[in-house]
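1. Quick check, what structure comes out for this input:
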Amino acid sequence: MSEEKCEGLATGLVKIGNAQVEASAVKNLIVYTMAMFTVPFIAFFTTKLITESLEWPRNKVQTLSTLAAVICVNVIIFLFVRIGWREMKQEEALLKAQAQAQTEEEAKETEEVKPEGQDKGDGAQRQQEATSVPATESKKSK
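-> Below you'll find the predicted structure:
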């Protein structure tokens, strides 16, 4: 294996053309493509075999066989979309958690940068402002 392929396996990314795609997405695409091709055929011919063995009329055999294949296709599409939806939600949650962790980290860094005396000075200054406001209002009322 080339070094580039080994690196792709370690990171979980596969390079397709100029884009890097998660290996699980490629695997899911291959699996569901194979299922989309094989499962409806299996459902169609199995249903046809069963209904013919029961000696049903030909139009009912064809209708039920086709219906079984169409239902299989819709189930496969639903499952594929559900997996994509679930991966998207997991990615959003991960990005949200990373953003929150980064915000918390930045808040900690700003607290570490402040000198200790600055917090006390701010509190004393706020207390002084709070007591000076009523005094200015009393002057205005006179």
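
2. what ranges of this protein fall below the confidence cut-off?
-> Scanning the chain for pLDDT under 70 picks out 1-21, 113-142.

3. What segments of it are helices?
-> 3-11, 23-53, 58-113, 116-141 (DSSP state H).

4. deepest of these, which one?
-> helix 23-53 (a mean of 14; mean count of other CB atoms under 10 Å). C-beta: built from backbone N, CA, C; applies to glycine.

5. Mind giving me the packing neighbours of that one?
-> strand 13-16, helix 58-113 (3 or more CB pairs under 8 Å, 6 or more residues apart in numbering; DSSP states H and E).

6. Export these to TSV and append columns for distance to residue 45.
-> Shown next, in TSV, are the helices and strands packed on helix 23-53 (distance: least, CB to CB, whole Å):
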stretch	distance to residue 45
strand 13-16	34
helix 58-113	7
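
7. check contacts around residue 76.
-> 32, 35, 36, 39 (CB atoms under 8 Å, 6 or more residues apart in numbering).

8. cool, and residue 46?
-> residue 68 are the contacts of residue 46 under CB under 8 Å, 6+ apart.

9. Residue 100 versus the residue nearest to residue 70 when sequence neighbours are not counted, what's the distance?
-> Once flanking residues are discounted, residue 70 sits nearest to residue 40: 7.6 Å by CB to CB, 6 or more residues apart in numbering. Separation of residue 40 from residue 100 (CB to CB, to the nearest Å): 45 Å.
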